[in-house]
Every structure is written in C-alpha cells, then in structure tokens.
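> structure for the following, please:
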Amino acid sequence: MAKREKAASAAGARFDGLPDALLDWYGRHARTLPWRIGPGERGRGVVPDPYRVWLAEIMLQQTTVPHAAGYFEAFTRTWPTVEALASAEDGDVMAAWAGLGYYARARNLLKCAREVAARGSWPRTEAGLRELPGIGPYTAGAVAALAFNQRAAAVDGNVDRVFARILAAKGEWKDEKRRIADLVGELVPEDRPGEFAEALMDLGATICTPKRPNCLICPLRAWCAAHAEGEPERYPMKPAKKAKPVRFGEVYIVRGASGVAVETRPSQGLLGGMLGLPTTEWREDGKAGRLDWIEGAQEIGEVKHVFTHFELRLRVLTVESEGALPDGYELRDSGSVADALPSVFRKALKLAS
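Purely as a prediction, here's the structure:
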C-alpha cells in the first residue's frame with residue numbers, strides 16, 4: 001500500500017488512491033483472455049510467458065480483442081514458443097496472419113522472433129525491448145510490465161482516452177499525450193505494474209469506452225474531471241482527421257483447371273510477402289491500365305477496403321484461362337487459398353464465388 005501511495009503522491013494529491021481503486025476493481029472484474037494470467041497470480045509465483053505477452057500485443061495493434069483471440073490461439077498451437085516461430089517458413093507465417101491486416105507487423109514478428117532466438121532470451125527491460133524489430137514505446141512498456149513486472153507505463157489509445165477524461169485535457173493533443181504518458185508513468189505502482197497495465201486496458205475497453213462511457217460503475221469517477229463536467233464523451237479532444245485519399249484499380253479472378261491464379265507479392269511494400277490475386281497498380285488517378293496477359297475478362301462488381309492511409313476501390317473481373325500463367329503466378333484451390341489471402345482479396349474472391 002505504501003508504495004502505491006508514494007507513486008500517487010508523486011503525481012499530486014489529486015490522484016492519491018487512484019491506483020488502489022483501479023486495482024481493487026480489476027481484481028473483481030478482470031477479463032479472461034487467452035494470453036493473460038489471472039489477477040493475483042503473479043503474487044502466487046505464476047510467471048507470464050513473454051512470448052505470449054509479446055505476440056498478443058503485436059496482434060492487438062489496430063485489431064479488436066475478439067478478432068485477435070482466434071489468431072492468437074492458432075499461432076500458439078502451431079508455434080508454441082518463440083524458437084518455434086523463429087524457425088517457421090516466412091510464407092507459412094504470412095498465410096497464418098492473413099486477415100489480421102497491417103502486414104508489416106507479420107514481417108517484423110518474424111524478425112523479432114529470430115533475434116530473440118539468436119540472443120537466447122528476451123530483454124527484460126523497456127529499453128532493451130525497444131531495440132527489437134517491430135517493438136515501439138507502447139509494446140515495450142506493455143511487455144516489460146506484463147511479462148517482467150517492470151515499473152513501466154503502457155499507454156495506448158484506451159489509456160489516452162481514460163486519462164484525457166480524468167484530466168479533462170483541452171490542450172494541443174500532442175502536448176496532452178505527453179502529459180498523460182508522464183502521469184501514467186508516475187502512477188504505476190512498483191509492486192503491481194503488470195496488473196495496473198491490464199487494469200487500465202480493461203477499464204478503457206469495457207467502461208471508459210469511446211461512446212457512452214458507463215461512468216456510474218467506473219472505479220475512477222471520483223478523480224475524473226470530465227465526469228464532473230458531465231460531458232465525458234467530449235474527450236479526448238483530438239484534431240479532426242483528414243479525409244483519406246481514394247485509390248482505384250482492378251483485381252482479377254483468373255480461373256484454371258485446378259483453381260485460381262495467385263502470386264506471392266514482393267516482400268517490400270503494401271501487403272508485402274502475402275499471397276495476392278492478380279491486380280493492377282492502385283492509383284488515385286485511376287489510370288493503372290489492365291494486365292496485358294489477361295484477355296476477355298468480365299467485370300462483376302467492385303470491392304472497397306480501407307487501409308491506414310487510403311481507401312481502395314477495386315473493380316473485380318473474372319476470366320477462364322487454359323493457357324500458361326506468367327512467371328510468379330500459380331493456381332491454387334479457391335477454397336483453401338481464401339484463408340491465406342489478405343482481406344481485400346478475400347472480398348474479391350467472395351464476390352466471384
């Protein structure tokens with residue numbers, strides 16, 4: 001208790017007792033997740049597996065918990081240790097990742113696993129974890145706290161939202177994010193940093209949600225300035241998002257005797273290393289042309305997909321082909337290959353089914 005009170009007093013008397021209130025709530029309401037040990041288990045000597053913690057954190061970037069959970073369980077069945085993942089074939093991992101999006105994560109996942117396997121162990125500190133491929137400030141803090149019980153702050157979008165409301169943060173968002181990170185870092189208790197991080201994640205995911213936060217049952221409402229104002233949904237006050245540019249192109253379902261034509265996309269660039277359907281360039285002016293080796297294709301509709309920095313609209317065309325495919329393409333059974341395709345190509349294949 002004394003350690004938590006000391007951490008809270010360092011952040012100012014206003015936040016005295018906040019970590020204890022949050023941890024008490026977490027002990028009663030913690031979510032059961034496939035990568036998580038239960039509340040209080042650390043105190044009984046249960047040690048989280050850093051591989052599972054890290055894998056979950058990478059999967060959860062820009063992905064919901066329900067969507068990530070199935071992938072996590074499939075990954076850990078196939079590659080139960082970081083050494084097993086490090087020795088996996090690139091194509092197998094990219095295929096298993098298909099549908100999770102943000103495919104640079106999968107490439108960095110392999111790089112990181114191989115570096116950890118080569119080292120023989122995981123770095124145990126936030127600074128050491130930052131040196132690994134694909135691990136940024138949030139992931140380093142999360143793994144340090146959750147896996148190694150280091151006093152590190154794990155500040156993601158959920159935590160930003162919680163503390164933007166607690167502070168009723170009205171300043172420039174970049175400045176407020178730094179202020180929030182500093183405050184969270186001061187509040188992390190020395191004796192339970194992992195559970196504190198998990199508690200904040202759960203609070204943001206289940207109570208202090210983007211819309212209609214359930215303030216009546218929030219354990220932190222006594223410290224929340226936005227609740228006192230009566231308008232918690234006003235926060236965080238982020239700059240208005242710019243409209244995403246729209247790119248256009250064509251994608252082809254080329255059917256042969258034994259399936260549909262696919263290629264392994266170049267390792268660098270968007271959807272790098274993933275299986276893909278034949279497609280033109282994706283251009284904002286829509287002047288990518290057609291693939292010169294495909295003749296007589298019939299348009300059947302359009303699919304749309306939103307990437308981080310742009311929206312994509314692809315005309316979907318189908319064609320039957322009995323000739324040889326260009327180098328780099330092969331025929332795969334359409335039923336079995338669908339699961340290995342990124343979402344945008346799955347949409348096109350489904351439209352043609």
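> residue 317: what secondary structure?
Using DSSP: H, G, I helix; E, B strand; the rest coil, the secondary structure recorded for residue 317 is strand.
> what helix or strand does the closest residue in space to residue 165 that isn't next to it in sequence sit in?
In this structure, residue 165 finds its nearest non-sequential neighbour in residue 226, 3.8 Å apart by CB to CB, 6 or more residues apart in numbering. For the C-beta atoms, the positions are set from N, CA and C on the backbone; glycine is no exception. Element membership of residue 226, judged by DSSP states H and E, is helix 225-229.
> how distant is that helix from the center of its chain?
Counting by CA atoms, centre = their mean, to the nearest Å, helix 225-229 is centred 30 Å from the centre of its parent chain.
> now that helix: buried residues?
Along helix 225-229, these residues count as buried under the neighbour rule (16 or more other CB atoms under 10 Å): 225-227.
> what does stretch 139-154 give?
For stretch 139-154, by 16+ other CB under 10 Å, it's 139-154.
> what's the answer for stretch 165-172, then?
Buried residues in stretch 165-172 (16+ other CB under 10 Å): 165-169.
> pull the contacting residues for the closest residue to residue 35 other than its chain neighbours.
Beyond its immediate neighbours in the sequence, the residue positioned closest to residue 35 (CB to CB, 6+ apart) is residue 56, lying 3.7 Å away. Residues counted as contacts of residue 56 (CB atoms under 8 Å, 6 or more residues apart in numbering) are 33-36, 68, 72.
> mind checking which of those residues are in helices?
68, 72 (DSSP state H).
> farthest-separated two in the contacts of residue 56?
By the measure CB to CB, 36 and 68 form the most distant pair in the contacts of residue 56, at 12.4 Å.
> neighbour count: these two, which is higher?
Between residue 36 and residue 68, counted using other CB atoms under 10 Å, residue 68 has the larger neighbour count: 23 against 19.
> just put the buried residues of helix 225-229 in TSV and tack on pLDDT.
Below are the buried residues of helix 225-229 laid out as TSV (pLDDT from 0 to 100):
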residue	pLDDT
225	97
226	97
227	97
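> tell me how many other residues crowd the closest residue to residue 318 other than its chain neighbours.
Computed as CB to CB, 6+ apart, the closest residue to residue 318 that is not its neighbour in sequence is residue 253, at 4.4 Å. Residue 253: 23 surrounding residues under other CB under 10 Å.
> do the same with residue 29
15.
> and for residue 91?
The burial count for residue 91: 13, using other CB under 10 Å.
> on that earlier part again, quick check, pLDDT for the residue nearest to residue 35.
Here the pLDDT value assigned to residue 56 is 96.
> now name the helix or strand holding it.
Here residue 56 is assigned to helix 50-60, by DSSP H and E.
> next one: residue 331
Going by DSSP H and E, residue 331 is in strand 329-332.
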